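K.L.:
need coordinates for the following:
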Amino acid sequence: MAMMLAATDLGIGSAHAAVGDQEACRAIFSIPKSHYCPYLLALGYPKDRPLVPIRHPDRRALDDVVHRGRW
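P.N.:
Sure thing, here's the model as predicted:
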């Protein structure tokens, strides 16, 4: 998550994916058999438009979704 947030701040897109074939992952990335790779993170610059943060997201107010000591 931290890498994805940092990448976004730099204008770099990211996506995560679960690794289903551990043997293929180990072979491609030279990972020793004693290690397990649960997921991969892909990084890249968007081709069609620059990646920019949403300035005014359409979200509910924080107090509408966070409850402190009540329901």
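K.L.:
from here on, just use CA atoms for contacts and neighbour counts.
P.N.:
Noted.
K.L.:
give me the low-pLDDT residue ranges for the chain?
P.N.:
Applying pLDDT under 70 to the chain picks out residues 71.
K.L.:
which parts of it are helices?
P.N.:
Counting by DSSP state H, the chain has helices at residues 2-9, 22-29, 62-65.
K.L.:
nearest to residue 36, of those helices?
P.N.:
helix 22-29 (7.2 Å; Cα to Cα).
K.L.:
hmm, who's touching the closest one?
P.N.:
Helix 22-29 is touched from outside by 19, 31, 32, 33, 36, 37, with contacts defined as Cα atoms under 8 Å, 6 or more residues apart in numbering.
K.L.:
check the gap between the closest residue to the fourth one other than its chain neighbours and residue 70 for me.
P.N.:
It refers to residue 33. On the basis of Cα to Cα, 6 or more residues apart in numbering, the spatially nearest residue to residue 33 that is not a chain neighbour turns out to be residue 26, at 7.1 Å. In this structure, residue 26 and residue 70 are 49 Å apart, going by Cα to Cα, to the nearest Å.
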